[in-house]
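Requesting a structural model of the entry that follows:
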Amino acid sequence: MIIKNLSAALLAIIGTVCFAQDFNNYRPLVSSGNIPKDFTTLSIDKFKQDITEVKSDKRSERKTKEKFLLESNYLIDELLLSGRVLFNDPISNYVERVASNLLKDQPELKSQLRFYVIKSTAVNALATNNGIILVTMGLIAQLENEAQLAYILSHEIIHYTHKHNINSYVETSRILKGKDSYRGSSVDDKILARSNYSKELETEADKKGLTEFFEKSPYASSAINGVFDVLQYAYLPIDDVEFNKSYFEKGDFIFPDTYFMEEISKIKTNEDYDDSKSTHPSTAKRREAIARMTKDLKNENKSMFILPKTDFDQVKNISRFELTRLYLIRRDYGNALYNSFLLLRDFPNNAYLEKSIATSLYAVSKYKNEGLASQVLHPFKNIEGHSQQVFHLLFKMSKKESTILALKYSWEINKKHPGDNTLEKIVDELFYDLVYVQKNQPKDFFDKSKNDLIHAHLRDSLAEQKPAEELSKYEKIKRKKTETLGGDEDFWRFAFVDISKEKEFSTKFNELVEQRISEEDERDRIKTREERKTLANKIKKDKKFTKKYGYALGINKIVLVNPVYVKVDQRKKDNVKYIDSEISQLDFVKKINENANISGVEVNILDAKTFKENDVEAFNDYSLMRDWMNERFNHDSQMKIVSSETNNIHEISKKHNTKYFNWMGAVAYRQKKNDIGYYLCLSAVGIYTLPLGIIYALTPGYYTYYYNILFDVETGKMEMLISVGTNRKDRDSLLNSKIYDTFIQMKNKPRNK
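Below you'll find the model as predicted:
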């Protein structure tokens, strides 16, 4: 939590200390210090505090405000505890220091505000009703100077001081319910009214942010126009630089011209779009309105930077490195590659960036081999600017070419920056795909340059000495073959000309080919109908055995991440029971601990709702685990692929002394019976069945869903998947039986089947 009277000098010291970052060995951004109360206070306690301040003449409006406070507290906490929000990190500290300059004459207001950064590629900032200002890494990565950040903070602070969030919620409720002046409004009129009201608040935040804060600060108003440039082009990468065609090329390994576009799609400049149904005014309207207000403002003795410019450059670079990492987690491999390419201009030979490009190429090749490339590559026709070349190249390459390029680049980067566990695994998998999936052998590739091959071929041919008219049919064929040697269709054959001379590479390649041939011979041996039937029956029997008797994994210790418990009442419009969910979730964690102790499984729980202020190390483990989880769950559950977060997860695995990480949760439903009338009518047909219909109508409907997912984080393999539902209430006995049974299946030693 921000200390109320922290001096600007101390903030500067903290900021400088936190900036230590070795970009060549880049480490993910993490939190530090004590965990703020925003993260450790339960949602129910925040809600109880907030409703004491609700004042309204109308009972209905008071109820609406209370509903807003209930929902917003839980939804904001869901974000804060998602692992995506950081505190006391270099970026959050920098934002805080800028806010201190902005509000140096308003210490009381400053003490009400807390500033955090969101791990997100989006270009955005937002303010909550209770004084939290959230800024995305995507925004910091795109800004040009400190003054632009100051204006954005001014805008967000107005949202807080003028209570825009809660007022918007109340007004929207009035619109949707057709109250007061909205009585009798059509659906279209209501949509337009909501849009207009939202735009009014945004315009107010723009203007009052300027007059109440920014104009009185030491920042130059000439910076504001650039803010609207940032917003207008937020969908583009951090820069627009030509992607060099030769970046991946070497020697005679040259892509065909068709793999690169002759002309890229130009960047559109339509900032005066139709905003009639938007929540924000068009960028053009916002720009013009502020331009009118700032045209007479003087910028003497005002600056783009109050803090050292090097501090701004540092946090911007950190944010840009984080973008690459976030793109990889999201499986946005085209943008991860291009973002890394852009950063390499300022950080040449950077190990982290080059490894990230290798990871991107590897992942694209895996998805191409699975026939799922469309899941991870944006259609290149929809891309604007020079990054379009990257997406076009990745699209044009075949499965084989993608695997070869990924292996070539990854091998070279692994030799250049050795000792990286993730990269070593990637190289092994790419070799496997080249040999087992693409069925390639060393003889499929050239070990000489094109010129050397041609000269060698001509030396072996009598056709070299004869004029064309004297050539025989076969000599003509040989000469023609020589002239076309190494054409566009064969460009991939030159990929390993240099590295094939490395003993480690050639040995690995040959041994894997021999292994594949040996395995194929063994499979060919099992060719009788009886043998195949026996093998198929064994596989079928194994599956039935697991289904009947459960898992038996022989696991003694796990890390349980983010246990989830949600209570839902489907009979109500707002069906999530926030308060009951939080209370039940805390009780769920207790049940997990109790059943773990009984079963003999050691469980380390990383649960954000139970962290104390000094648990920052556990919080960081939790945050990185959520990143790994998000990436792994984005992939198909059966897909074997090395996570970009492998190194981070291995460190956490070693710290907790187990490679098994678990996700467990339950959802308890109170069901809505839509067919009550039908059953009453049906039972009324006979006098003896009528009581049964009445009993059905009066008996509450319940459904409890329980799940458990266990991963081996070293291999990425899902070791356990339990997903069951029952038409029963979520009583203690039911939950305890599910949890205990799960731990017993983990604990039991593997059986002979």
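
Which residue would you name as the spatial centre of the protein?
Geometric centre of the chain, nearest residue: residue 330, 3.8 Å, by Cα atoms, centre = their mean.

tell me the contacts of that residue?
Contacts for residue 330 were tallied using Cβ atoms under 8 Å, 6 or more residues apart in numbering; they are 121, 631, 634. Any C-beta I mention is one placed from the backbone N, CA and C, and that applies to glycine too.

Residue 425 too?
Applying Cβ under 8 Å, 6+ apart, we find residue 425 in contact with 642, 646.

how far away is the residue nearest to the centre of the chain from residue 439?
Distance of residue 330 to residue 439, given as Cβ to Cβ, to the nearest Å: 32 Å.

and what of residue 659?
Taken as Cβ to Cβ, the span from residue 659 to residue 439 is 33 Å.

Compare the two (neighbour count), which wins?
Using other Cβ atoms under 10 Å, the more surrounded residue of residue 659 and residue 439 is residue 659, with 19 against 12.

doesn't residue 712 make contact with the more buried one?
Yes. Contact between residue 659 and residue 712 holds when scored by Cβ atoms under 8 Å: they sit 5.5 Å apart.

Low-confidence stretches in the stretch 601-750 of the chain?
Counting by pLDDT under 70, the stretch 601-750 of the chain has low-confidence residues at 673-700.

That should have said the stretch 201-350 of the chain, apologies.
By pLDDT under 70, the low-scoring segments of the stretch 201-350 of the chain are 271-278.

what about the strand or helix carrying residue 173, average pLDDT?
For residue 173, the host element (DSSP states H and E) is helix 164-177. The average pLDDT within helix 164-177 is 79.

Filter the contacts of residue 330 down to the buried ones.
Among those, those scoring as buried are 121, 631 (criterion: 16 or more other Cβ atoms under 10 Å).

What is the nearest of the contacts of residue 330 to residue 750?
In terms of Cβ to Cβ, no member of the contacts of residue 330 lies closer to residue 750 than residue 631, at 29.1 Å.

Contacts only, for the residue nearest to the closest one when sequence neighbours are not counted.
Spatial nearest neighbour of residue 631, chain neighbours left out: residue 329 (4.5 Å); criterion: Cβ to Cβ, 6 or more residues apart in numbering. By Cβ under 8 Å, 6+ apart, residue 329 lies in contact with 627, 630-631, 634, 644-645.

ok, so what distance separates residue 329 from residue 626?
According to Cβ to Cβ, residue 329 stands 10 Å off from residue 626.

What residues of the helix or strand hosting residue 581 count as buried?
Element membership for residue 581, per DSSP H and E: helix 578-599. Residues of helix 578-599 classed as buried: 578, 580-582, 584-586, 588-589, 591-592, 595-596, 599 (neighbour count, 16+ other Cβ under 10 Å).

Likewise for stretch 156-173?
With burial defined by 16+ other Cβ under 10 Å, the residues of stretch 156-173 counted as buried are 156-161, 164-173.

Centre of the chain to it, how far?
Distance of stretch 156-173 from the chain centroid (Cα atoms, centre = their mean, to the nearest Å) equals 29 Å.

outside of it, which residues touch it?
Under the contact criterion Cβ under 8 Å, 6+ apart, stretch 156-173 has outside partners 61, 64-65, 68-69, 72, 99, 102-103, 109, 112-113, 125-129, 131, 133, 194, 197-198, 201, 204-205, 208-209, 212-213.

likewise stretch 375-388?
Against stretch 375-388 from outside (Cβ under 8 Å, 6+ apart): 236-237, 240-243, 261, 264-268, 331-335, 338, 363-364, 367, 391-392, 394-395.

any idea whether residue 297 is helix, strand or coil?
Under the three-state scheme (DSSP: H, G, I helix; E, B strand; the rest coil), residue 297 adopts coil.

Surely residue 147 is in contact with residue 220?
Yes. The pair formed by residue 147 and residue 220 meets the contact definition of Cβ under 8 Å, at 5.6 Å.

Please identify which of these two sits among more neighbours.
More neighbours surround residue 147 than the other of residue 147 and residue 220, with 27 against 21 (other Cβ under 10 Å).

Please confirm that that one is located within a strand.
No. If the criterion is three-state DSSP, then residue 147 is helix and not within a strand.

distance of it from residue 224?
For residue 147, the distance to residue 224 equals 8 Å [Cβ to Cβ].

cool, residue 340 as well?
Distance, residue 340 to residue 224, using Cβ to Cβ: 31 Å.

if we can go back for a sec, overlap in contacts, residue 659 and residue 712.
Counting by Cβ under 8 Å, 6+ apart, no residue touches both residue 659 and residue 712.

count of neighbours near the residue lying closest to residue 132 once chain neighbours are set aside?
Spatially, and ignoring its direct neighbours in sequence, residue 132 is nearest to residue 114 (5.3 Å; Cβ to Cβ, 6+ apart). Residue 114 is flanked by 20 other residues according to other Cβ under 10 Å.

all numbers from here: first residue = 4
Right, with 4 as the first residue, what we last looked at is residue 117.

okay, residue 117: pLDDT?
pLDDT for residue 117: 97.

With the one 10 residues further on instead?
At residue 127, the predicted lDDT confidence score is 94.

Touching the host helix or strand of residue 713 from outside, list them.
Here residue 713, judged by DSSP H and E, is contained in strand 704-715. For strand 704-715, contacts defined as Cβ under 8 Å, 6+ apart pick out 556, 558, 561, 635, 662-676, 720-733, 737-738, 741, 745, 749.

Could you list which of these belong to helices?
Residues of the contacts of strand 704-715 located in helices (DSSP state H): 635, 737-738, 741, 745, 749.

Taking these, tell me the two that lie furthest apart.
Farthest apart among those by Cβ to Cβ are 635 and 737. That separation is 29.0 Å.

Which residue ranges of the stretch 454-603 of the chain form strands?
Applying DSSP state E, counting those that start in this stretch to the stretch 454-603 of the chain gives strands spanning 560-564, 567-572.

Quick one: residues in contact with the last one.
Outside strand 567-572, the residues that touch it by Cβ under 8 Å, 6+ apart are 578-580, 583-584, 587-588, 590-591, 666-673, 733.

Let's see it as CSV, backbone CA atoms only.
Provided in CSV are the C-alpha atoms of strand 567-572 (Å, rounded to 0.1, in the frame of the first residue of the first chain):
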residue,chain,number,x,y,z
VAL,A,567,-11.9,-21.9,-7.1
TYR,A,568,-15.3,-22.0,-5.6
VAL,A,569,-18.4,-20.3,-7.1
LYS,A,570,-22.0,-20.3,-6.0
VAL,A,571,-24.7,-19.6,-8.6
ASP,A,572,-28.4,-19.1,-8.2
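
which of the residues in that strand are buried?
Neighbour counts over strand 567-572 (16+ other Cβ under 10 Å) mark 568-572 as buried.

Let me have the strands of the stretch 454-603 of the chain in TSV, adding distance to residue 140 and mean pLDDT as columns.
TSV is the format used below for the strands of the stretch 454-603 of the chain (distance: least, Cβ to Cβ, whole Å; pLDDT from 0 to 100):
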stretch	distance to residue 140	mean pLDDT
strand 560-564	23	97
strand 567-572	26	92
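
picking up where we left off before, residue 635 and residue 737 - which one has more neighbours?
When neighbours are counted by other Cβ under 10 Å, residue 635 comes out ahead of the other of residue 635 and residue 737, with 21 against 17.

isn't the more buried one right up against residue 720?
No. In this structure, residue 635 is not within contact of residue 720 by Cβ under 8 Å, at 10.2 Å.

List the buried residues of the strand or helix carrying residue 317.
Assigned by DSSP H and E, residue 317 belongs to helix 312-332. Buried residues in helix 312-332, counting neighbours by 16+ other Cβ under 10 Å, are found at 314-315, 317-332.

Please export the C-alpha coordinates of it as CSV.
C-alpha atoms of helix 312-332 as CSV (Å, rounded to 0.1, in the frame of the first residue of the first chain):
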residue,chain,number,x,y,z
LYS,A,312,14.4,10.8,-19.1
THR,A,313,16.5,7.7,-18.5
ASP,A,314,13.9,6.5,-16.0
PHE,A,315,11.1,6.8,-18.6
ASP,A,316,13.3,5.0,-21.2
GLN,A,317,13.9,2.2,-18.7
VAL,A,318,10.3,1.5,-17.9
LYS,A,319,9.3,1.8,-21.5
ASN,A,320,12.0,-0.8,-22.4
ILE,A,321,10.9,-3.1,-19.6
SER,A,322,7.3,-2.8,-20.9
ARG,A,323,8.4,-3.6,-24.4
PHE,A,324,10.3,-6.7,-23.3
GLU,A,325,7.2,-7.7,-21.4
LEU,A,326,5.1,-7.4,-24.5
THR,A,327,7.2,-10.1,-26.2
ARG,A,328,6.6,-12.4,-23.2
LEU,A,329,2.9,-11.6,-23.1
TYR,A,330,2.5,-12.3,-26.8
LEU,A,331,4.1,-15.7,-26.3
ILE,A,332,1.8,-16.5,-23.5
